[in-house]
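A.B. asks: coordinates only, no sequence provided:
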């Protein structure tokens with residue numbers, strides 16, 4: 001039997017559409033709920049011995065909405081608390097598009113978070129500058145809006161530098177970081193701030209924003225996040241180490257493919273060599 005070129009093409013198209021539909025369905029029904037704990041070591045130059053082993057919990061990109069329920073957030077909070085981190089960082093985007101309907105519910109779902117050295121948060125590009133930080137503050141989260149604070153861990157001081165998503169210029173970040181300790185952590189929603197952190201000799205950056213790509217295709221990869229220096233996980237530039245979390249929620253489409261949501265536990269270790 002002779003099969004025409006048109007028949008072959010129609011079969012290939014139908015197969016591709018079917019595969020894409022199946023992947024999207026899986027990403028909606030299961031992929032966006034496959035929450036896991038990611039554990040990573042953050043290598044730091046000249047880390048004081050007393051801070052080796054410090055464990056930081058990172059939860060970002062909550063995106064509480066009709067697609068990300070209270071139960072989704074509560075499960076992430078429970079997983080994080082079960083790890084008993086020394087310090088907790090919230091990386092921004094607590095709601096989507098500044099939707100005020102979910103500001104209080106998002107903050108309330110995060111209320112059980114607690115750690116020996118505090119819970120700190122920054123704002124993402126989806127967060128407003130007043131209602132969201134106020135709601136978080138009422139639940140015990142210290143929100144750093146272009147601000148710096150110092151904590152002392154095992155008699156060793158660390159500076160936390162938190163910037164807004166829209167704070168991008170080197171001079172603006174430098175003004176906030178001026179006078180900071182050599183051991184500082186930049187909390188920046190956008191991982192593109194790795195460049196500025198390296199220029200300012202800030203050794204650690206914690207970020208989110210990319211969702212790890214959210215939809216990661218075979219061969220092609222994370223197309224939506226290709227503009228970022230680090231899409232997910234650990235990256236390094238000069239003397240600066242960055243960790244970018246895949247986050248919890250979704251945006252644009254309630255689907256995750258090859259990119260499950262996560263809470264991260266980051267352990268500080270001295271950099272060798």
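C.D. replies: Ah, there it is. Note that this is a predicted model, so its numbers are computed, not measured. Numbers count the residues shown, from 1 in each chain.

A.B. asks: was I right to think residue 215 contacts residue 26?
C.D. replies: No. The pair residue 215 / residue 26 is not scored as a contact, 11.5 Å apart, by Cβ atoms under 8 Å. Every C-beta, even on glycine, is put in place using the N, C-alpha and C of the backbone.

A.B. asks: with neighbour numbers in mind, choose between those two.
C.D. replies: Legend: neighbour count by other Cβ atoms under 10 Å for residue 215 and residue 26, higher for residue 215 (24 against 15).

A.B. asks: skip the chain neighbours and tell me the closest residue to the more buried one.
C.D. replies: residue 257 (4.7 Å; Cβ to Cβ, 6 or more residues apart in numbering).

A.B. asks: check contacts around the one you found.
C.D. replies: Residues in contact with residue 257 (Cβ atoms under 8 Å, 6 or more residues apart in numbering) are 23, 24, 26, 27, 31, 214, 215, 216, 217.

A.B. asks: which stretches of the stretch 101-250 of the chain form helices?
C.D. replies: Here the stretch 101-250 of the chain has its helices, by DSSP state H, counting those that start in this stretch, at 103-110, 131-137, 170-177, 194-199.

A.B. asks: in CSV: those helices, plus mean neighbour count and distance to residue 240.
C.D. replies: Output for the helices of the stretch 101-250 of the chain, formatted as CSV (neighbours: other Cβ atoms under 10 Å; distance: least, Cβ to Cβ, whole Å):
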stretch, mean neighbour count, distance to residue 240
helix 103-110, 22, 28
helix 131-137, 20, 26
helix 170-177, 15, 12
helix 194-199, 20, 4
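
A.B. asks: doesn't residue 56 belong to a helix?
C.D. replies: No. Read with DSSP: H, G, I helix; E, B strand; the rest coil, residue 56 is strand and lies in no helix.

A.B. asks: what about it, how many residues nearby?
C.D. replies: Neighbours of residue 56 under the rule other Cβ under 10 Å: 22.

A.B. asks: specify the beta-bridge partners of it.
C.D. replies: Here residue 56 sits in beta bridges with residue 87, residue 266, going by DSSP bridges.

A.B. asks: ok so, going back, buried among the contacts of residue 257? Need that as a selection in PyMOL.
C.D. replies: To isolate the buried subset of those in PyMOL, counting by 16 or more other Cβ atoms under 10 Å, use the following:
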select buried, resi 23+27+31+214+215+216
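
A.B. asks: tell me, what residue is most central in the chain?
C.D. replies: By Cα atoms, centre = their mean, the chain has its centre lying nearest to residue 208, at 2.7 Å.

A.B. asks: I figured residue 58 hits residue 264, correct?
C.D. replies: Yes. If you go by Cβ under 8 Å, residue 58 and residue 264 touch, sitting 4.2 Å apart.

A.B. asks: in the stretch 1-150 of the chain, what spans have low per-residue confidence?
C.D. replies: 1-21 (pLDDT under 70).

A.B. asks: quick one, strands of it?
C.D. replies: 36-44, 55-59, 87-90, 119-121, 142-143, 147-153 (DSSP state E, counting those that start in this stretch).

A.B. asks: using TSV, lay out the ones you listed together with distance to residue 188.
C.D. replies: Output for these, formatted as TSV (distance: least, Cβ to Cβ, whole Å):
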stretch	distance to residue 188
strand 36-44	15
strand 55-59	12
strand 87-90	11
strand 119-121	12
strand 142-143	14
strand 147-153	13
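
A.B. asks: let me know which of these is the nearest to residue 271.
C.D. replies: Among the strands of the stretch 1-150 of the chain, strand 36-44 comes nearest to residue 271, with 3.9 Å by Cβ to Cβ.

A.B. asks: what helices or strands is that closest one leaning on?
C.D. replies: strand 233-237, strand 240-244, strand 262-270 (3 or more Cβ pairs under 8 Å, 6 or more residues apart in numbering; DSSP states H and E).

A.B. asks: how about the ones you listed in CSV, adding mean neighbour count, distance to residue 110 and mean pLDDT?
C.D. replies: Formatted as CSV, these follow (neighbours: other Cβ atoms under 10 Å; distance: least, Cβ to Cβ, whole Å; pLDDT from 0 to 100):
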stretch, mean neighbour count, distance to residue 110, mean pLDDT
strand 233-237, 15, 24, 97
strand 240-244, 24, 20, 98
strand 262-270, 21, 12, 98
